[in-house]
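Engineer: sequence first, then the predicted structure, then my questions.
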Amino acid sequence: MPDSSEGGIAIKVRLGFVANSSSSSFIVGFKSVPKDAEEMTTALFGDRKEFHSPYDNNHWPSDSIAASVFTSMQGQKPLRSKKAVAAEIMSGHAEGAPECWGHGCDQYMQDFVEYCCTGRDSAGNLHECGRVIKCKVGANRPTKCPNCGSPIPTRAKWEPTMDWVSYTRDCKKHADTLATNILSRYKGRIYIFEYSDNDGALGSAMEHGDLFNNIDGEFIRVSKH
């Protein structure tokens, strides 16, 4: 794996496909915006000399980490509009946002099931279709695709459907609330930082560790798995 320089730190960069990779952006509102790397070190770490991985014994000098964060802030214009902040929040999943998986999405499940036509005719030959067919739970299910006429297998897997309109509406409402709150306190001092475990041990530690936990301000983490 090649090395990449990040604020004076050698990072191992993994190339190609990475299973279960993730990235997160951090919308950070500073009470007082650091003017240089030294002030960023104080803002992030106080008198801590090292930044530790949440997973293992890896650690890095705090001042080098802070220099990297400060460099990331350079050239950015601070976020000032609710639209811009809310859009960044909507680009992933923020804490407290509605869930679209597991039991968290139960409130959005509709009284319908759906089946996606695989596009096979009676002879088993594939053709283009992809029509999503909905059917009310408990009702007799169709035996043919209304789009292409191909038979629906008797053992076809019908999936519960999600009310995506309501889900998206509630996600936007949550994003607007978070954006309004952080802007009311830190407008003109809000910046975005993004880290990924695609960037090796350091990138993973910066994404999943306590990088911004101690700042004099607040942050919103947006997970983008």
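Structural biologist: Sure, I can see it. Predicted model only: the values in this text are computed from it and were never measured. Numbering: from 1, shown residues only.
Engineer: for Val137, see how far away Asp111 is.
Structural biologist: From Asp111 across to Val137, the span is 5 Å (C-beta to C-beta, to the nearest Å). Every C-beta, even on glycine, is put in place using the N, C-alpha and C of the backbone.
Engineer: what about this structure, any weak spots by pLDDT?
Structural biologist: Along the chain, segments meeting pLDDT under 70 span 1-20, 120-122, 124.
Engineer: which residues in it form strands?
Structural biologist: 3-6, 9-12, 23-30, 50-52, 59-61, 93-94, 109-116, 132-136, 159-162, 190-196, 217-223 (DSSP state E).
Engineer: out of those, nearest to Gly75?
Structural biologist: In terms of C-beta to C-beta, the element of these nearest to Gly75 is strand 190-196, at 10.5 Å.
Engineer: ok, that closest one: who's next to it in the sheet?
Structural biologist: Within its sheet, and counting by DSSP bridges, strand 190-196 is paired with strand 23-30 (antiparallel).
Engineer: the partner strand to strand 217-223, inter-axis angle?
Structural biologist: 170 degrees (axes from the mean of the first three to the mean of the last three C-alpha atoms, to 10 degrees).
Engineer: mind giving me the domain ranges of the protein?
Structural biologist: Domain segmentation of the chain under automatic domain parsing yields 3-78+188-223, 108-162.
Engineer: now the ones you listed in CSV, with distance to Ala94 and mean neighbour count?
Structural biologist: Converted to CSV, the domains of the chain look like this (distance: least, C-beta to C-beta, whole Å; neighbours: other C-beta atoms under 10 Å):
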stretch, distance to Ala94, mean neighbour count
domain 3-78+188-223, 5, 16
domain 108-162, 17, 13
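Engineer: make CSV out of those and add distance to Thr177.
Structural biologist: CSV is the format used below for the domains of the chain (distance: least, C-beta to C-beta, whole Å):
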stretch, distance to Thr177
domain 3-78+188-223, 11
domain 108-162, 19
